[in-house]
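here you go, sequence then predicted model.
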Amino acid sequence: MDTTTPPRKRDHTHWLYIAVIFAVLAGVLVGRLAPGFGQSLAPLGTLFVNLIKMMIAPVIFCTIVLGIGSVRAATTVGKVGGLAIGYFLAMSTIALGIGLVVGNLIDPGSGLDIGNTGAGAQYAEQAHGAGGTWDFIQDIVPTTLVSSLTAGSVLQALFVALLVGFAVQAMGDAGAPILRAVALGQKLVFRILSMILWLAPIGAFGAIANVVARTGWSAVVQLATLMIAFYLTCLVFVFGVLGVILRVVSGVSILKLCRYLAREYLLIVATSSSESALPRLVAKMEHAGVERTTVGVVVPTGYSFNLDGTAIYLTMASIFIADALGTPLSLGEQIGLLLFMIIASKGAAGVTGAGLATLAGGLQSHRPELLDGVGLIVGIDRFMSEARALTNFSGNAVATLLIGTWTKTVDADRARRVLDRELPFDEETMVDDHPVEEPVTLSKTVAAR
């Protein structure tokens, strides 16, 4: 076998992310100096995020079908899924507890005088309109097999991809041509995605200009204590809790992982959407040595169930509102309210501004007199949503490596080499080639790479 290292292709995409940084700065200036024009630029950010969302279902479908269809042991998928759900519940509980401790220690809303704004009712209606937990579960099953790829629902795409993957697996050798076709489809999907990403500076410019134009700086200054406390809490959770678990279980440095995902973090900040980085997370986790089956199950499921940042946000925002209105929550009320919100957030996952909607819906159900306090949170919600999205994204990346370690579906040596920058990620195609004519094992996957 030829072991000669092929010449490394020059990565031109660094210019793209430099352009994103300049676009963000330009958006801040436009939003500040020309608020009316800044608000009119909102469709630019929305269009870019919608383009990314358009690619999520095909990415999930191809990844899972290739992963499941290429292995013989169907029990592997069940083991990965069970571990993922259990881990997500455990980490959400830990995040909830951290938010409770920090919220009660700093009392960020004490001393504020919030008037009766009535602004929370519309967000409560959004949360209730999304349905409850059973409605959420029912919506996982799509109307048709094809509609799962067009409806924009991550879980519907996941559900159908699992069915197709198991069906191809059951076909044995007869399913090899289907896997080859899906592999080609995956290359096409990632090629399209790499083209769309060159529009990121335009989307970032429109999104940031709109946010700054709508909120201004007064709300940021007025609620600086809450925002700073929330960001610091998220940092402690990611680098303290997640970092320690990742080091102990997988022997991986959280700092190196964050450096590896730096461009995805920038994309999330620029677009205010964690979904914009989902396809790239799938590609990068595969490149880091985690098997397709694990990546395909953990990442999409985590985007709906692994909401660590949202749990911290709901905790601290609820305590803030109650303190600001002069009606603090008792510890029992805090736990009951916030457990309800964590469950309710699954039903509101597809709603625009789901964090704010879940907060309002929970307050209306348990403490209706606190609903009007949501009006002050609205002013800084978009800024806090950045930390929510970054924390949720980091949690999903860590979960993929942890569950890969527990299920022995990650090549630890490759992960180390990737995080040490010895094996750079191919920004041009975002696809690692795998053989699909025969069952893929970890050793064959490593050899192919």
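Yep, that arrived. Residues are numbered from 1 along each chain as shown.

residues in contact with Lys284?
By C-beta atoms under 8 Å, 6 or more residues apart in numbering, the contact set of Lys284 is Tyr260, Leu261, Glu264, Phe425. Every residue, glycine included, has its C-beta placed from N, CA and C.

mind telling me what element the nearest residue to the second one once chain neighbours are set aside is part of?
Using C-beta to C-beta, 6 or more residues apart in numbering and skipping the chain neighbours, the partner closest in space to Leu261 is Ala397 (6.0 Å). Assessed by DSSP states H and E, Ala397 sits inside helix 374-406.

next SSE after that helix?
Next along the chain after helix 374-406, taking DSSP H and E as the criterion, comes helix 412-419.

buried set for that following helix?
Using 16 or more other C-beta atoms under 10 Å as the test for burial, helix 412-419 gives Arg414, Ala415, Arg416, Val418, Leu419.

rewinding a little: now the helix holding Ala397, how far from the chain's geometric center?
Relative to its parent chain, helix 374-406 has a centroid offset of 7 Å by C-alpha atoms, centre = their mean, to the nearest Å.

quick one: mean pLDDT over it.
Averaged across helix 374-406, pLDDT comes to 83.

just give the number of residues close to the nearest residue in space to Leu158 that is not next to it in sequence.
Nearest residue to Leu158, sequence neighbours excluded (C-beta to C-beta, 6+ apart): Pro300, at 4.5 Å. By other C-beta atoms under 10 Å, the residues close to Pro300 number 27.

same check, this time on Leu16
Counted with other C-beta under 10 Å, the neighbours of Leu16 add up to 19.

Phe230 and Leu307, how far apart?
For Phe230, the distance to Leu307 (C-beta to C-beta, to the nearest Å) stands at 15 Å.

for Pro142, that is, sorry about that
Distance, Pro142 to Leu307, using C-beta to C-beta: 23 Å.

between these two, tell me which one has more neighbours.
With neighbours defined as other C-beta under 10 Å, Pro142 and Leu307 compare such that Leu307 has more, 28 against 18.

so that one touches Asn392, yeah?
Yes - with contact defined as C-beta atoms under 8 Å, Leu307 counts as touching Asn392 (5.8 Å).

got the angle for the host helix or strand of Val298 vs helix 374-406?
Assigned by DSSP H and E, Val298 belongs to helix 292-305. On the basis of axes from the mean of the first three to the mean of the last three C-alpha atoms, to 10 degrees, helix 292-305 is oriented at 160 degrees to helix 374-406.

which helices and strands does helix 292-305 pack with?
helix 42-69, helix 75-106, helix 154-171, helix 278-287, helix 374-406 (3 or more C-beta pairs under 8 Å, 6 or more residues apart in numbering; DSSP states H and E).

from the middle of its chain, how far away would that helix be?
Mean C-alpha position of helix 292-305 versus that of the full chain (C-alpha atoms, centre = their mean) differs by 10 Å.

buried residues, the following helix or strand past it. List them.
Beyond helix 292-305 on the C-terminal side, the first helix or strand identified by DSSP H and E is helix 308-324. Going by neighbour count (16+ other C-beta under 10 Å), the buried part of helix 308-324 is 308-324.

what are the buried residues along the helix or strand hosting Leu235?
Per DSSP H and E: Leu235 is located in helix 224-235. For helix 224-235, the neighbour count (16+ other C-beta under 10 Å) marks Leu226, Met227, Ala229, Phe230, Tyr231, Thr233, Cys234 as buried.

nearest to Gly69, of the residues you listed?
Nearest to Gly69 among these: Cys234, at 37.5 Å, using C-beta to C-beta.

I figured that closest one hits Ala389, correct?
No - look at Cys234 against Ala389 with C-beta under 8 Å: they stay out of range, at 10.2 Å.

quick one: stretch 56-73 to chain centroid distance?
For stretch 56-73, the distance to the chain centre is 19 Å (C-alpha atoms, centre = their mean).

how about stretch 182-195?
Relative to its parent chain, stretch 182-195 has a centroid offset of 21 Å by C-alpha atoms, centre = their mean.

which positions in that stretch come out as buried?
Of all the residues in stretch 182-195, those buried under the rule 16+ other C-beta under 10 Å are Val182, Ala183, Gln186, Val189, Phe190, Leu193, Ser194.

from those, which land in helices?
Among these, the ones falling in helices (DSSP state H) are Val182, Ala183, Gln186, Val189, Phe190, Leu193, Ser194.

the third one - nearest residue in space that isn't next to it in sequence?
So the one you mean is Gln186. Cys62 (3.7 Å).

do the first one as well
Setting aside the residues directly before and after it, Val182 is nearest to Val65 in space (C-beta to C-beta, 6+ apart), at 5.0 Å.

tell me the pLDDT at the one you found?
At Val65, pLDDT is 83.

that one reaches Ala183, doesn't it?
No - Val65 lies out of contact with Ala183 (C-beta under 8 Å); the separation is 9.3 Å.

identify the contacts common to the two.
With C-beta under 8 Å, 6+ apart, Val65 and Ala183 have no common neighbours.

before we move on, back to that, turn the helices and strands packed on helix 292-305 into TSV, columns for distance to Thr271.
Putting the helices and strands packed on helix 292-305 into TSV (distance: least, C-beta to C-beta, whole Å) gives the following:
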stretch	distance to Thr271
helix 42-69	5
helix 75-106	23
helix 154-171	17
helix 278-287	12
helix 374-406	9
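
for Leu331, find the nearest of the ones you listed.
When the helices and strands packed on helix 292-305 are compared (using C-beta to C-beta), the closest one is helix 75-106, at 8.0 Å.

same for the closest one, what does it pack against?
By 3+ C-beta pairs under 8 Å, 6+ apart, helix 75-106 packs against helix 154-171, helix 224-235, helix 292-305, helix 308-324, helix 331-347, helix 374-406.

now do that helix: distance to the chain's middle.
The answer for helix 75-106 is 15 Å, by C-alpha atoms, centre = their mean.

in that helix, what's buried?
By neighbour count on 16+ other C-beta under 10 Å, the buried set for helix 75-106 is 76-77, 79-81, 83-84, 87-88, 91-92, 94-96, 98-100, 102-104, 106.

now the weakest link among the helices and strands packed on helix 75-106, please, by mean pLDDT.
Looking at those, the weakest mean confidence is helix 331-347, a mean of 68.
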